[in-house]
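A.B. asks: Could you work out the structure for the sequence below:
(one chain, ligands or ions: 2)
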Amino acid sequence: MTRHVPSEVGGGAPRPHPPEDWADDLAASVSGPQVVNDSKTPSGTVHVGSLRGPVILDVIARALRARGLETTYLYGVDDMDPMDAQALLTPDAVDRYMGAPLAHIPDQVEDGHASYARHHAKVFIDLFDGLGIRPDRYYWMSDIYPTGEMDGFIRTALDKAAAVRDIYRRVANVQHPDAWLPVSVVCPNCGKIGTTFATDWDGETVDVECRLDLVTWAKGCGFHGRIAPFGGRAKLPWNLEWAAQWSLFGVTIEPCGKDLATAGGSRDRSDAIAREIFEHEPPLNVPYEFLNIGGKKMSTSKGTGPAAHAIVDVIPSEQVRLLFLRPRPNHAIEFDPEGTDQIPRLFDEFDRLADATAGKEVRGDLPPGYASIFRYSLLDADADVAAEATAYRPAFGHLALLVQIPNVDIRARMEAEKGSELTAREEAILEERVRAARAWLAAYAPERAVVSVRHELPVEAIADLDDDQRRYLGRLAETDAPPTSGEGWQDRIFSVAGEQGLPNGSAFAALYAAFLGRANGPRAGWLLASLDRGFVLDRLRAAAGQVPA
Ligand SMILES: [Zn+2]
Ligand SMILES: [Zn+2]
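C.D. replies: Ligands and ions are numbered 1, 2, ... in the order given. As a prediction, this is how the structure comes out:
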């Protein structure tokens, strides 16, 4: 993708043009009505990394609409694909349903869904609305085939079977036998689709064999007969089905995961099939990288990594959106929430982008198009961005401490820090963050984030400090106006250490010893800000040996 540079009118010096984010660039590079599409095979539990596609699509749709382009966002479920993962079936269902279309397998969980496919697709799709992802239309291939809408594409593929086989050979180096036809028929006897082999297209019917040993993972029934492969009695193989969807729905933009976007991979095959078989220009691709958990690609089939719905239970929607939006699509996301500060840092980055969007000074470099990244992270596409950017948001690290300290009126503390009453919106943000902080502490937080403030001076830990460290604690207390915020305390901790020439590590160690009786802890500024001010000053003086413990 190249940066869009608006044409200058009337000559003169070019106006300074703020760098835009990738979605704004993309929207600026297209014209006319747009159809954005994504689809997913509901083969099992969907993990959090799979949300990257729907979030990227939603952002593209928002960016297109922001430029005034008529935009339709489609989300499809490829539920006629065959079942090939035995581990996900109950033992009595394996023989009967391995190789059957996902849409024709009963829900293995028995919680009211019409099929196995509906169950897994719905558990995933049901997250969308809460994340502000609102496709204009969902389609299910098991509904589309019986309408006959795919029949024309099936007929074309069969008429041009030799050309299809040539594309597989040329683009992907896949050699199908000369008799192979690009169609998968549902066996009229046993209902399986992964076990059938079709040959001999005569213009109306194909010869179908349901083979016992066509694939290793499913067993056919031996049926042999002629079938007209239309009206839901057959489906196109995946690469052809994908290309047919583009023609059927007029898709103009379709991002895809990089596993499909490799040379000779699914996307290349479908692009060639679209052009040469269905004579339709394929949509613009936006390849995107994976979300890696702990350095590994999260895999549905291997069952690794947290399920999408589990992550969404802990991280609020706008931070989930930011997790996927902050890196450009072609950058992998390393997400390792277990025992790390990654989730708190996600909140901090959200707040930093909010501040920058509100025109405040922020620390560190900002990404190109940071205001767009903030805007696209918001749940509501039509939100008042300026109001959202200036809303008061308590620092997550501070809340994660406050919720652990007994008898703290968190709301009163936050109003004191803000300097005025919270608005209704700010109260909702506070409630959401308190919930998230508790969930993070319960599910992911590292040991050092869990605090137990010592009621009495931890004499043994203080005894291990040197004179400089004790003097430092005393100096921290020497102020007429102790800080009220975590930021304020953090600044004071650094500046007093700097004045005294004490290394930061020694300064923090002294603070953790004085309050927690141990050598490490959460961000010390937030810890001090969480505690009663009188208690903090008394403890600092006592630890310094200035007053009796
Ligand atoms: Zn179910
Ligand atoms: Zn069969």
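
A.B. asks: So, low pLDDT: which residues of the stretch 1-150 of the chain?
C.D. replies: Residues of the stretch 1-150 of the chain that meet the criterion pLDDT under 70 lie in 1-19.

A.B. asks: List, one by one, the residues from it near ligand 1.
C.D. replies: Contact residues (C-beta under 5 Å from the ion) of the stretch 1-150 of the chain with ligand 1: 107, 109, 111, 113, 119. (C-beta placed from N, C-alpha, C; glycine too.)

A.B. asks: contacting residues around the residue in the stretch 201-350 of the chain positioned nearest to ligand 1?
C.D. replies: Of all residues in the stretch 201-350 of the chain, residue 309 sits closest to ligand 1, at 12.9 Å by C-beta to the ion. For residue 309, the contact set (C-beta atoms under 8 Å, 6 or more residues apart in numbering) comprises 123, 124, 126, 127.

A.B. asks: Kindly provide the distance from the residue nearest to residue 217 when sequence neighbours are not counted to residue 243.
C.D. replies: Counting by C-beta to C-beta, 6 or more residues apart in numbering, residue 217 lies nearest to residue 84, which is 5.1 Å off, once chain neighbours are set aside. Going from residue 84 to residue 243 by C-beta to C-beta, to the nearest Å gives 22 Å.

A.B. asks: Looking at those two, which one has more neighbours?
C.D. replies: residue 243 (26 against 16; other C-beta atoms under 10 Å).

A.B. asks: Surely that one and residue 274 touch.
C.D. replies: Yes - between residue 243 and residue 274 a contact is recorded at 4.1 Å, counting by C-beta atoms under 8 Å.

A.B. asks: Name the residues contacting each of these two.
C.D. replies: 280, 282.

A.B. asks: chain center to the helix or strand where the residue of the stretch 201-350 of the chain closest to ligand 1 lies, what's the gap?
C.D. replies: Assigned by DSSP states H and E, residue 309 falls within helix 308-314. Distance of helix 308-314 from its chain centroid, counting by C-alpha atoms, centre = their mean, to the nearest Å, is 10 Å.

A.B. asks: Same question for stretch 104-123.
C.D. replies: 23 Å.

A.B. asks: List the neighbours of it that are in contact with it.
C.D. replies: So stretch 104-123 is contacted by 40, 42-46, 77, 79, 83, 88-90, 93, 97, 101-103, 140, 142, 186, 191, 309 (C-beta under 8 Å, 6+ apart).

A.B. asks: Grab the CA positions of that stretch and hand them over as PDB.
C.D. replies: Extracted C-alpha coordinates of stretch 104-123, given in PDB (Å, rounded to 0.1, in the frame of the first residue of the first chain):
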ATOM      1  CA  HIS A 104     -25.400 -31.100   8.800                       C
ATOM      2  CA  ILE A 105     -23.800 -32.300  12.100                       C
ATOM      3  CA  PRO A 106     -25.900 -32.000  15.200                       C
ATOM      4  CA  ASP A 107     -24.700 -29.500  17.900                       C
ATOM      5  CA  GLN A 108     -22.400 -31.600  20.100                       C
ATOM      6  CA  VAL A 109     -23.000 -29.200  23.000                       C
ATOM      7  CA  GLU A 110     -26.800 -29.500  22.900                       C
ATOM      8  CA  ASP A 111     -27.500 -26.000  23.900                       C
ATOM      9  CA  GLY A 112     -30.100 -25.200  21.400                       C
ATOM     10  CA  HIS A 113     -28.100 -24.500  18.100                       C
ATOM     11  CA  ALA A 114     -29.400 -26.000  14.900                       C
ATOM     12  CA  SER A 115     -26.000 -27.600  14.100                       C
ATOM     13  CA  TYR A 116     -22.400 -28.000  15.000                       C
ATOM     14  CA  ALA A 117     -21.600 -25.200  12.600                       C
ATOM     15  CA  ARG A 118     -24.200 -22.900  14.000                       C
ATOM     16  CA  HIS A 119     -22.900 -23.500  17.500                       C
ATOM     17  CA  HIS A 120     -19.300 -22.600  16.800                       C
ATOM     18  CA  ALA A 121     -20.100 -19.800  14.400                       C
ATOM     19  CA  LYS A 122     -22.600 -18.300  16.800                       C
ATOM     20  CA  VAL A 123     -20.300 -18.400  19.900                       C
END
